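*Asks:* Show me how the following folds:
(2 chains)
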Amino acid sequence: MGNEALARGVLEGGVAVATGYPGTPSSEIIKALSKAAEKRNLYVEWSVNEKVALEVAAAASFAGLRSVCVMKQNGVNVASDFLLHLAISGTRGGIVLISCDDPGAYSSMNEADSRFFARVCEIPLLEPGTFQQAKDMAQWALDLSETLKTLVMLRSVTRLSHGSGTVIPGHLPEKEVHAVFDHHGSFTDATAGPVTCAPVVLKHGLQQKKMKKAQKIFEECPFNEYKGPETPDLLILTTGVCRLYSKEALYELGLEPKVGILSLGTTWPLPASLIKEYLSRTDKILFVEEILPFLEENVKILAAETASEIGVKTFYGKSDNTIPAAGELSPDKVIKALSTIYGLPGLNHGHDKKPQLKAPDRALLFCAGCPHRASFWSIYNVLAKDNRQGFVCGDIGCYTLDIFCGFRTLKTIHSMGSGAGLASGFGKLQKFGMEQPVLAVCGDSTFFHAAIPAVINAVHHEADLTLIVLDNSSTAMTGFQPHPGLPVDALGNTVPAVDIAEVCRALGAEVEIADPFDLEETQNLLEDMIHKKGAHVLILRQNCALSPVEVKTKYKICVDTEKCIGEDYRCKRVCTQIFGCPGLVWDEKEKVTTIDEVICTGCGVCAHICPVGAIKKEEVF
Amino acid sequence: MGENLLKDPYNIIIAGVGGQGNVTASRVLGNMLIRNYFVTIGETFGASQRGGSVMSHVRVSAQSIWSPQIPERKADLIAALEPAEALRVTTVYGHKGSHIVVNTRPVYPAGVAAGELEYPSLEEIKKALSSITEHVWFVKATDTALQLGNPILGNMVILGVVAGLDVLPIGEEDFEWGISRIFSEDKVALNVKALEMGINLIRE
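*Replies:* Reported below is the predicted structural model:
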């Protein structure tokens, strides 16, 4: 897997400390490193959030060790405050920030392009395009960082991180490392002074000199490759996994003799002389990259600066819509772009006979036995009964799936912890006549990551809100990584767990804890809370249904078909159309709800939702 | 490098629903081929684990790695763990020479379970697939897996069927190697057995 190749690369680069916060498609890198930790004597942690993760990794660098910090694109936003300062202060031991972007937003709430941070921060940026390069460049990034004394950013994307391919491994270094933070020198002593951004202008200038050095190294770098004719009719300028899409498109269209590909592995600072050389060999340039036109815009500046030498060019890319401006790219999209440029009929010409029959859409949904379904059922019913147009501010986690299910109680979804922050704002609008109950949800991992400052804000400003912590005792969506609320760390050590209820009480919020499978208690507590003034926290605690902790089936569920009134729709078929557990199936022939026993986990919640009590549960011993 | 492939790159798609063991199947298949070929696998997982459609693109070549995404109408073999997914994927990626292996057991989408969408019958799906290619096999992989005690083994049964088609340079001798690199020791025998039952299904 690409992520495993990245992990192998930093191991070959002699990494000692690895940190990160879980986020698809990046999570498997820390997982792979934690597996290697004992044998390779590494320190690996799942940090509380990405900013702290980068700080922990930077500390290792300041002490002369090599380190890696891993996150998805959104994490770079979280880390950016420290990141901007780290770029100015400089580093010591090699340190690489691996950011995994998610073009097409398969598992994200945005399609952010983290590469722009490299430009804003003025740090070197690498973009591997193959699995072998993922390994080789991760290793090289550590060397580069240590040579230049600057943080290096390496950007992967979902297709590379979650793809797999042939990789030839190299050697793992055998050397003892020793951590010392040398801080007795002057402010301007880069190797033995304090690590600070001051004096800022001087340090900023130094960073720009490092970038000039990086550019010189990049001009000769083997990760920048050209393949194609000596003087191509068209030059494809590409980076990352898009080089494979470009290669495939040329192969399918038979354009290899005419079109060349310049694949850049180093995309900031640009290897200007190299690019200029290839621009001068052609008149037409097509940019193929994901997500934003990063190369496209920066190369156009270079082309404008050197126009008197290289001549006037025609550019194709995202800005003229030859390449789609949003969404993931693919070989097909590059084939389409080249077909447009060359006026070719395209590969699908004459092949439009497709069967009429369509496969039914497959919406995402909460798993059978998921505690979130029970929680949202309670929220949905309490808000409906209350009838004051109450709403829930959500954030990022499995519980975001509420918007795809029958409940749809989430009315805002933004970044990690933003539900609590928005609720803190909504909770102050009574002064302007707002009477709606304000709720927020966050997961247990998210609570630690970003919700705590919002709770403090709400308590301090006496905002009226109910924060529901959906505590399934893991970072479930990304693959069950531990977080500060659990008594275990990334290496499997027993560690102190931080109690969410105690934290909230200490902050001054009123706290209740319930089992979401107990619908009656949950709903009673919730009903009470949304009528009260001030900040309240309801912790709904129940293990994720997919949790590796094995849970014994509690109930056998069956439907009393005599009682079921789904046929005439008087009950609005709440079981299959709102509750929507995949274990409940509407039988169109028999006109009753049935239980799919292969899928049902026996949580027993559905036995309490049928208005006529047609769903029965029986305890299993 | 291994012997010549029927096509180079030879393109395979494993299609199914989140939770059916799609990723495991693509990895086992990849491992069976990796000793002699360049293998590239593209996966989509994450949110789609939660009941969504999932697809693994596996590309085998004696020359180089390829894009982790197969272009439309370029899948030479489609192994579907679920019938509606076979239809969804073949419509986009199938061509008239594609080989299609389909598990007969449906996993109903939420909209179908709620009575809001219709799930086409197996006969309709078969007819639609046959209008694209004549090489279509329907196998009761889940039923076979249930004989071994666990429906999840349907993924290995389908892979066994794939091995039995003789379109890829894999056979019984590669099963243990492919499985043992993915599964813990105690699970190897059961998964190898599922592969063998698959290969026997197609040879019968």
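
*Asks:* Can I get the longest helix seen in chain B in CSV, CA atoms only?
*Replies:* Across chain B, the helix with the greatest residue count (assigned by DSSP state H) is helix B:185-203. Output of helix B:185-203 as CSV, limited to C-alpha atoms (Å, rounded to 0.1, in the frame of the first residue of the first chain):
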residue,chain,number,x,y,z
GLU,B,185,-1.7,-18.6,10.6
ASP,B,186,-4.9,-20.0,12.1
LYS,B,187,-7.0,-18.6,9.3
VAL,B,188,-4.9,-19.8,6.3
ALA,B,189,-6.4,-23.3,6.0
LEU,B,190,-10.0,-22.1,6.0
ASN,B,191,-9.3,-19.4,3.4
VAL,B,192,-7.4,-21.8,1.1
LYS,B,193,-10.3,-24.2,1.4
ALA,B,194,-12.7,-21.5,0.3
LEU,B,195,-10.4,-20.8,-2.8
GLU,B,196,-10.4,-24.5,-3.6
MET,B,197,-14.1,-24.8,-3.3
GLY,B,198,-14.3,-21.9,-5.7
ILE,B,199,-12.0,-23.4,-8.3
ASN,B,200,-14.0,-26.7,-8.1
LEU,B,201,-17.3,-24.8,-8.6
ILE,B,202,-16.1,-23.7,-12.0
ARG,B,203,-14.4,-27.0,-13.0
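
*Asks:* Which elements pack onto it?
*Replies:* strand B:135-139, helix B:141-147, helix B:154-164, helix B:172-180 (3 or more C-beta pairs under 8 Å, 6 or more residues apart in numbering or on different chains; DSSP states H and E). Every C-beta, even on glycine, is put in place using the N, C-alpha and C of the backbone.

*Asks:* Relative to the whole chain's centre, how far out is the worst-scoring helix or strand of chain B on mean pLDDT?
*Replies:* Lowest by mean pLDDT, DSSP states H and E among the helices and strands of chain B is helix B:110-113, with a mean of 85. In terms of C-alpha atoms, centre = their mean, to the nearest Å, the centre of helix B:110-113 is found 24 Å from the chain centre.

*Asks:* Same question for it: list its buried residues.
*Replies:* Neighbour counts over helix B:110-113 (16 or more other C-beta atoms under 10 Å in any protein chain shown) mark B:Ala110, B:Gly111, B:Val112, B:Ala113 as buried.

*Asks:* okay if I get those residues as CSV plus distance to chain A?
*Replies:* Below are these laid out as CSV (distance: C-beta to the nearest C-beta, whole Å):
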residue, distance to chain A
B:Ala110, 5
B:Gly111, 6
B:Val112, 6
B:Ala113, 5
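
*Asks:* if we can go back for a sec, for the longest helix of chain B, give me every contacting residue.
*Replies:* Contacting residues not belonging to helix B:185-203 are listed as B:28, B:137, B:139, B:141, B:144-145, B:147-148, B:153, B:156-165, B:171-172, B:175-176, B:179-180, B:183 [C-beta atoms under 8 Å, 6 or more residues apart in numbering or on different chains].

*Asks:* Same list, the residues you listed, but only the ones touching chain A.
*Replies:* Near chain A, judged by C-beta under 8 Å from any C-beta of the partner chain, there are no entries from these.

*Asks:* Show the buried residues in the residues you listed.
*Replies:* Applying 16+ other C-beta under 10 Å to the contacts of helix B:185-203 flags B:28, B:137, B:139, B:141, B:144-145, B:148, B:153, B:156-165, B:175, B:179-180, B:183 as buried.

*Asks:* what about the residue nearest the centre of chain B, which SS state?
*Replies:* For chain B, the residue nearest the mean C-alpha position is B:Ala79 (2.9 Å; C-alpha atoms, centre = their mean). Three-state call for B:Ala79 (DSSP: H, G, I helix; E, B strand; the rest coil): strand.

*Asks:* roughly how far apart are it and A:Val180?
*Replies:* 56 Å (C-beta to C-beta, to the nearest Å).

*Asks:* now A:Pro484
*Replies:* Distance from A:Pro484 to A:Val180, by C-beta to C-beta: 29 Å.

*Asks:* Which one's more surrounded, those two?
*Replies:* A:Pro484 (20 against 9; other C-beta atoms under 10 Å in any protein chain shown).

*Asks:* Help me confirm that that one is found in a helix?
*Replies:* No: read with three-state DSSP, A:Pro484 is coil and lies in no helix.

*Asks:* and it, what pLDDT?
*Replies:* The confidence metric pLDDT takes the value 94 at A:Pro484.

*Asks:* Who are the contact partners of it?
*Replies:* A:Pro484 sits in contact with A:Val48, A:Phe448, A:Ala497, A:Val498, where contact means C-beta under 8 Å, 6+ apart.

*Asks:* What is the least confident helix or strand in chain A?
*Replies:* For chain A, scoring each helix and strand by mean pLDDT, DSSP H and E identifies strand A:584-587 as the least confident one, at a mean of 90.

*Asks:* what about whichever helix or strand comes after that strand and chain B, touching?
*Replies:* For strand A:584-587, the succeeding helix or strand toward the C-terminus, using DSSP states H and E, is strand A:592-595. No: judged by C-beta under 8 Å from any C-beta, strand A:592-595 stays clear of chain B, getting no closer than 9.3 Å.

*Asks:* Give me the residues contacting strand A:592-595.
*Replies:* By C-beta under 8 Å, 6+ apart, strand A:592-595 touches A:557-559, A:561, A:564, A:566-567, A:573, A:575-576, A:583-587, A:614-615.

*Asks:* Let me see the mean pLDDT of that strand.
*Replies:* Strand A:592-595 comes out with an average pLDDT of 94.

*Asks:* Mind giving me the packing neighbours of the helix or strand just after that strand?
*Replies:* Once strand A:592-595 ends, the next helix or strand along the chain (criterion: DSSP H and E) is strand A:615-619. Packing partners of strand A:615-619 (3+ C-beta pairs under 8 Å, 6+ apart): strand A:555-559.

*Asks:* The strand it packs on pairs with which strands, and in what direction?
*Replies:* Sheet pairing for strand A:555-559, assigned by DSSP bridges, gives strand A:615-619 (antiparallel).

*Asks:* can you pull the buried residues of the strand it pairs with?
*Replies:* Within strand A:615-619, the residues scored as buried using 16+ other C-beta under 10 Å are A:Ile615, A:Lys616, A:Lys617.

*Asks:* just the strands in the stretch 101-250 of chain A please.
*Replies:* A:125-126, A:152-157, A:164-165, A:225-227, A:234-239 (DSSP state E, counting those that start in this stretch).
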